[in-house]
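[1] Task: produce atomic coordinates for the following.
(one chain, ligands or ions: 3)
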Amino acid sequence: MSKIVTIERFILEYQPDYARGEFTNLLYDIALAAKVIAHKTNRAGLTDILGRAGATNIQGEQQQKLDVFADDIIFRVCDHTGRLCAMASEEREEIICIPEQFKKGSYVLVYDPLDGSSNIDVNVSIGTIFGIYRCVDWDLRGREEDVLQAGRKLVAAGYVLYGSSTMLVYTTGQGVHGFTLDPELGEFLLSHENMRLPDPPAYYSVNHAYYHRWSPAVQRYMRWLQGSEGEEEHAKPLSFRYIGSLVADFHRNLLRGGIFCYPAETKKPNGKIRLLYEANPLAFLIEQAGGYASDGANSVLDIEPTELHQRTPFYAGNRSLVYQLERYLREEAGQPVSDLVSGG
Ligand code: AHG
Ligand code: MN
Ligand code: MN
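    Ligands and ions are numbered 1, 2, ... in the order given. Down below sits the predicted model:
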C-alpha cells in the first residue's frame, strides 16, 4: 500500500531547508485559497439556479464573476500574513501593496487567479497559476521591481487545476510534485511525486484557427509536428489536443509528453500569454520536469520583464520539440542553427 502524505507533511519533510517556515506557510496559504476556489467552481453550474454572476443576489449584494472572486480570495488569504512584500495579479492593473496595517514579509506572489475563464460557463477545466520570488530589498515595502523579476529568479511556482478532480502541482526547484484534493477530507494528498515529461511525447496543443496569422516558419513547424515536414519525418505524428485553458492543456502534456504553443501573430508579435502570471511559472515547472520553455528564440526564464502585463510567445514541452521550433525560426531569420542542441 502506498503512503498517505499531505501537502503540509511533504513540504516539511521532503523540501529544502529554505522551504520551511515562512515559505512553507505561504504554500499552505495557496493551498487554502485553492480549496476555497475549488469549492466555488464546483458550484459554478448552479449560478443559473441560484443567481447569475454579475446579477444582484437576494441580500442585494452584487454577485461576482469567478475570476474576480478567485482574485479576491487569493488576496484576502495572503495580504495579512506577514509573509509577502507585494503581489501582482492578472486581474489588477497595478502591483498590490501589502496594506500598511500589516507586517511585510520577504516574498512576492504573482498569480493568474482563474485561467481559462472562457471555459467556466461550459463546464470545462480551469486553473490558477502562481509564482513566488524573494523581494529585491528586504528593508523596503513592495515596489514594482520586486514583481518585475526574470523567471530564473523564481523560488517556487505551480498551478491548481480544477478538473475532474482538483490538483495542485508545484516546484521549489527540487522536482515537480502533484497533489490531489480529497474533497471529503479537505486535504491535498501526494498523488504524483517527481513528475517527469514522458518521451516519446504524445500531444501538441495550439489554436489552429490562427494558422494564417503565423510566420511561415511556425506554419512549417506545425506540419513537422503532424509528421509531414522535414528530413526526419516522425514515424508517427503527434496527436493534437486543445482545450483553451492553459493549465489544463499544460497539465495533460506534462503527464503524457508534448508541447503547448501560443505563437507570435502578425498583428500580435508577443502573442497572448502573460509573462509574469502564466509563462514564467509554467516555464519553471517544465524545466523541473525535464523540458524547456522558449519564446521562440530563448528561454522564457531569461526574459527581463519591463511591464506587469507583458505578453510573450510561448512554447513549452519536451526539449526536442521546442528546439525544433527554435531551429525553424532561426533559419527563417537567417541565423546560425549549429549551436542549438539537437534532440534532447
Ligand atoms: P485567461 O482566462 O487567464 O485570460 O487565460 C486564457 C488563455 C489561456 O488559458 C489559454 O491558453 C488561451 O487564453 C486561449 O486563447 P485562445 O482562445 O486565443 O486560443
Ligand atoms: Mn490565464
Ligand atoms: Mn485569468
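[2] what residue ranges in the stretch 51-200 of the chain score low on pLDDT?
    51-64 (pLDDT under 70).
[3] rerun that using 90 as the cut-off
    Residues of the stretch 51-200 of the chain that meet the criterion pLDDT under 90 lie in 51-67, 97-102, 104, 117-118, 120-123, 137-142.
[4] Let me see the ranges of the helices in it.
    Shown for the stretch 51-200 of the chain, the helices assigned by DSSP state H, counting those that start in this stretch span residues 66-78, 144-147.
[5] quick one: which of those is nearest ligand 1?
    helix 66-78 (7.0 Å; CB to the nearest ligand atom). Yep, even glycine has a C-beta here, placed from its N, CA and C like the rest.
[6] before we move on, the earlier item: among the helices of the stretch 51-200 of the chain, show me which one is buried the most.
    helix 66-78 (a mean of 20; mean count of other CB atoms under 10 Å).
[7] what's in contact with it?
    26, 29-30, 32-33, 36-37, 40-41, 44, 53, 64, 84, 87, 89, 91-92, 96, 109, 111, 113-114, 117, 120, 126, 128, 130 (CB atoms under 8 Å, 6 or more residues apart in numbering).
[8] Where does Glu304 sit, in terms of helix or strand?
    Using DSSP states H and E, Glu304 falls within no helix or strand.
[9] ok, now how distant is it from Lys272?
    Going from Glu304 to Lys272 by CB to CB, to the nearest Å gives 20 Å.
[10] Count residues in the vicinity of the closest residue to Gly158 other than its chain neighbours, would you?
    Nearest residue to Gly158, sequence neighbours excluded (CB to CB, 6 or more residues apart in numbering): Tyr170, at 3.0 Å. Neighbours of Tyr170 under the rule other CB atoms under 10 Å: 26.
[11] For Tyr170, which residues count as its bridge partners?
    Judged by DSSP bridges, the bridge partners of Tyr170 are Gly158, His177.
[12] ok, it - contacts?
    Contacts of Tyr170 by CB under 8 Å, 6+ apart are 27, 156-159, 176-177, 285.
[13] In a markdown table: these, plus neighbour count.
    Formatted as a markdown table, the contacts of Tyr170 follow (neighbours: other CB atoms under 10 Å):
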| residue | neighbour count |
| --- | --- |
| Leu27 | 22 |
| Ala156 | 24 |
| Ala157 | 25 |
| Gly158 | 27 |
| Tyr159 | 28 |
| Val176 | 25 |
| His177 | 24 |
| Leu285 | 26 |
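[14] closest to ligand 3 among the residues you listed?
    Tyr159 (11.6 Å; CB to the ion).
[15] how does the protein divide into domains?
    7-192, 203-333 (automatic domain parsing).
[16] looking at these, which is buried most?
    The most buried one of those (mean count of other CB under 10 Å) is domain 203-333, showing a mean of 20.
[17] I'd like to know which of the helices of the stretch 51-200 of the chain lies nearest to ligand 2.
    helix 66-78 (9.1 Å).
[18] As PDB, could you dump the C-alpha coordinates of that closest one?
    The C-alpha trace of helix 66-78 is given here as PDB (Å, rounded to 0.1, in the frame of the first residue of the first chain):
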ATOM      1  CA  LEU A  66     -15.500  33.700 -10.800                       C
ATOM      2  CA  ASP A  67     -12.200  35.300 -11.900                       C
ATOM      3  CA  VAL A  68     -12.800  38.300  -9.700                       C
ATOM      4  CA  PHE A  69     -13.900  36.000  -6.800                       C
ATOM      5  CA  ALA A  70     -10.700  33.900  -7.200                       C
ATOM      6  CA  ASP A  71      -8.500  37.100  -7.300                       C
ATOM      7  CA  ASP A  72     -10.200  38.400  -4.200                       C
ATOM      8  CA  ILE A  73      -9.800  35.100  -2.300                       C
ATOM      9  CA  ILE A  74      -6.100  34.800  -3.000                       C
ATOM     10  CA  PHE A  75      -5.600  38.500  -1.900                       C
ATOM     11  CA  ARG A  76      -7.600  38.000   1.300                       C
ATOM     12  CA  VAL A  77      -5.800  34.800   2.200                       C
ATOM     13  CA  CYS A  78      -2.300  36.400   1.700                       C
END
